[in-house]
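J.: Here you go, sequence then predicted model.
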Amino acid sequence: MKKEYEELFKRLIMGYYDGTFDAIVEEAVSAPDFDRAETRKAIALLCGVSIPEEGNYLYNLKKAITNYQVRQNIVEKIGQCNMNCVEDPSGRTKCQMVCPFNAILNDPIKNTTYIDMDLCAGCGLCVEACDNGHLMDRKEFIPLLNLLQEKTPVIAAVAPAIAGQFGSATLDQLRAALVKVGFKDMVEVAFAADMLTIKEAVEFDHLVHKKEDLMITSCCCPMWVGMLKKVYADLVKYVSPSVSPMIAAARVLKKLNPEVKVVFIGPCIAKKAEAKEKDLIGDVDFVMTFQELKGVFEVLSITPEEMEPLVSMEYASRGGRLYARSGGVSIAIGEAIEELYPEKYALLSVRHVDGVKGCKEILTKAINGEELGGNFIEGMGCVGGCVGGPKANIPKEDGRIAVDEVAYNSAVKIATHSTILDEIFARLGISSLKDFNDPKKIDIFERNF
């Protein structure tokens with residue numbers, strides 16, 4: 001069913017553009033080959049909303065889209081699976097095997113599974129593991145279309161992992177393609193990563209005074225943060241209180257222009273859940289995945305590789321762009337520490353892990369007081385880092401090559417070398433390293449775990 005729903009998503013988008021949305025919905029829910037109740041729920045998820053089962057379905061659907069509100073549940077189950085995907089000797093299904101939070105439980109009465117929303121972190125690994133399409137993530141593009149059609153200034157904030165995701169298209173060509181979709185402009189989230197690089201370097205200076213001290217960086221992966229908050233809470237005291245680059249980018253953009261709306265575009269389902277965390281709601285207005293954007297480009301007949309580049313100045317550094325892959329955060333922050341605190345750099349001992357298994361292993365060691373092989377720990381929930389995200393368009397190996405190529409060709413090598421970064425910091429009231437010790441001045445870059 002996955003392919004069928006992907007095609008239906010594209011048809012719904014086109015229908016919203018050309019006025020045939022109602023007919024497409026009616027046709028889909030009346031199709032004899034599909035379960036009516038399951039299809040109705042799937043369409044709601046494809047439109048980013050939840051609607052009551054009773055009443056006029058189409059009316060409720062369109063009303064929910066028009067009055068779109070933030071929803072907490074990103075991943076939902078549609079229909080009942082028959083447990084025929086059990087492959088593990090313990091009797092677990094594929095989705096149960098990949099869930100880092102043990103949030104998918106058995107319903108022995110109905111002989112199926114269900115999601116415990118109190119345990120679910122919305123990482124979306126189960127969506128990819130489910131071959132029959134009974135697990136779906138909520139898609140927000142159709143509510144976003146309302147915003148684009150209202151001519152509200154909407155900025156596309158693209159993840160560093162976007163390099164190579166749309167063929168040979170350059171960042172400037174992708175910027176042009178997104179403007180054609182209806183966005184006001186595109187910015188690289190890598191620039192916000194540069195800001196956090198400097199903040200994390202200051203944090204390292206504050207937390208680490210000897211080799212035995214520990215700092216866990218939190219600034220990238222919501223799955224890693226979810227593991228720390230839900231499963232390894234005793235380690236939170238070692239976690240840097242930084243927001244992610246996605247949140248930092250949105251907050252900075254809105255600080256500079258309170259009228260803009262921000263849409264994050266990346267390879268990660270978990271980012272949809274992160275944007276709806278109680279302490280972060282309102283920072284990012286919508287989240288799209290690379291695969292969803294690819295579908296939008298196809299519907300609108302936009303080929304990024306053929307676009308006339310919309311050239312921007314070079315403002316993101318090599319380090320910020322390397323955040324896209326495993327080890328990149330450590331490289332960027334390590335370079336900043338070496339520049340800003342050369343005496344502390346000798347204490348830096350990096351350990352980076354990726355994938356759920358690797359993350360769990362090192363966090364278990366940390367909570368048991370075992371040797372970690374480093375005092376600066378970087379974790380990413382997907383194998384390979386963000387380039388290995390579940391909604392990437394290309395294999396993680398190709399994504400890493402593309403990211404490295406873009407990053408190592410950057411005009412700005414290290415965040416501390418960026419004059420543009422200095423200018424933006426000044427507009428935010430930050431003019432020196434001492435300002436990073438002022439809670440009020442760095443509040444824009446922090447959250448309370």
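T.: Looks like it came in fine. On a predicted model such as this, the values are computed, not experimentally measured, just so you know.
J.: Going by C-alpha atoms from here, please, whenever you check contacts or count neighbours.
T.: Noted.
J.: thinking residue 170 is in contact with residue 305, fair?
T.: Yes. Contact between residue 170 and residue 305 holds when scored by CA atoms under 8 Å: they sit 7.4 Å apart.
J.: Next one: the residue nearest to the spatial centre of the chain, what pLDDT does it get?
T.: For the chain, residue 271 is the residue whose C-alpha lies nearest the centre (CA atoms, centre = their mean; 3.0 Å). We note a pLDDT of 95 for residue 271 in this prediction.
J.: Is residue 363 within a helix or a strand, and which one?
T.: Mapping residue 363 onto the secondary structure by DSSP states H and E places it in helix 355-367.
J.: which residues are in contact with that helix?
T.: Contacts to helix 355-367, defined as CA atoms under 8 Å, 6 or more residues apart in numbering, come from residues 100, 224, 232, 234-235, 353, 371-372, 379-385.
J.: do that again at 6 Å, thanks
T.: The set of residues external to helix 355-367 that reach it, using CA atoms under 6 Å, 6 or more residues apart in numbering, is 353, 381-383.
J.: Can you tell me which of the residues you listed end up in strands?
T.: residue 353 (DSSP state E).
J.: who wins for most neighbours among the contacts of helix 355-367?
T.: Looking at these with neighbours defined as other CA atoms under 10 Å, the largest count falls to residue 381 at 30 neighbours.
J.: how about the nearest residue to that one, chain neighbours excluded?
T.: If you skip the residues right next to it in sequence, residue 381 has residue 355 as its closest partner in space, 4.6 Å away by CA to CA, 6 or more residues apart in numbering.
J.: Near that neighbour, how many other residues are there?
T.: Other residues within reach of residue 355, judged by other CA under 10 Å, total 18.
J.: With residue 224 as the reference, measure out to it.
T.: 9 Å (CA to CA, to the nearest Å).
J.: Can you work out which residues contact both of these two?
T.: When CA under 6 Å, 6+ apart defines a contact, the residues bordering residue 355 and residue 224 alike are residue 381.
J.: my read is residue 136 is in a strand, agree?
T.: Yes. According to DSSP: H, G, I helix; E, B strand; the rest coil, the state of residue 136 is that of a strand.
J.: quick one: contacts for it?
T.: 75-76, 127.
J.: Distance from the chain centre to the helix or strand hosting residue 8, please.
T.: Using DSSP H and E, residue 8 falls within helix 2-18. For helix 2-18, the distance from its own C-alpha centre to the chain's C-alpha centre is 22 Å (CA atoms, centre = their mean, to the nearest Å).
J.: quick one: buried residues of stretch 401-409?
T.: Neighbour-count burial for stretch 401-409 flags 402-407 (criterion: 16 or more other CA atoms under 10 Å).
J.: ok, back up a step: so the residue nearest to the centre of the chain versus residue 317, what's the distance?
T.: 23 Å.
J.: what does the average pLDDT come to for the helix holding residue 363?
T.: The predicted model assigns helix 355-367 a mean pLDDT of 94.
J.: what sits up against stretch 203-215?
T.: The contact list for stretch 203-215 (CA under 6 Å, 6+ apart) reads 238, 347, 375-376.
J.: nope, stretch 311-318 is what I was after
T.: Outside of stretch 311-318, the residues that reach it under the criterion CA under 6 Å, 6+ apart are 172, 190-191, 407-408, 410, 412-415.
J.: And for residue 11, nearest residue in space, chain neighbours not counted?
T.: In this structure, residue 11 finds its nearest non-sequential neighbour in residue 24, 7.3 Å apart by CA to CA, 6+ apart.
J.: Count the neighbours of the closest residue to residue 77 other than its chain neighbours for me.
T.: In space, and not counting its chain neighbours, residue 77 is closest to residue 135: 4.6 Å by CA to CA, 6+ apart. Residue neighbour count, defined by other CA under 10 Å, stands at 25 for residue 135.
J.: can you pull the contacts of residue 135?
T.: Counting by CA under 6 Å, 6+ apart, residue 135 has contacts 76-77, 127.
J.: What score does residue 54 have for pLDDT?
T.: 83.
J.: how close does it get to residue 324?
T.: The spacing between residue 54 and residue 324, counted by CA to CA, is 44 Å.
J.: For these two, work out which one has more neighbours and name it.
T.: Between residue 54 and residue 324, residue 324 has the larger neighbour count (other CA under 10 Å), namely 32 against 7.
J.: Verify the contact between that one and residue 389 for me.
T.: No. Counting by CA atoms under 6 Å, residue 389 is not a contact partner of residue 324; they are 9.9 Å apart.
J.: any chance you could map the strands in the stretch 251-400 of the chain?
T.: For the stretch 251-400 of the chain, applying DSSP state E, counting those that start in this stretch gives strands covering 261-266, 286-289, 350-354, 376-380.
J.: Nearest to residue 220 among those strands would be which one?
T.: Nearest to residue 220 among these is strand 376-380; the distance by CA to CA comes to 7.5 Å.
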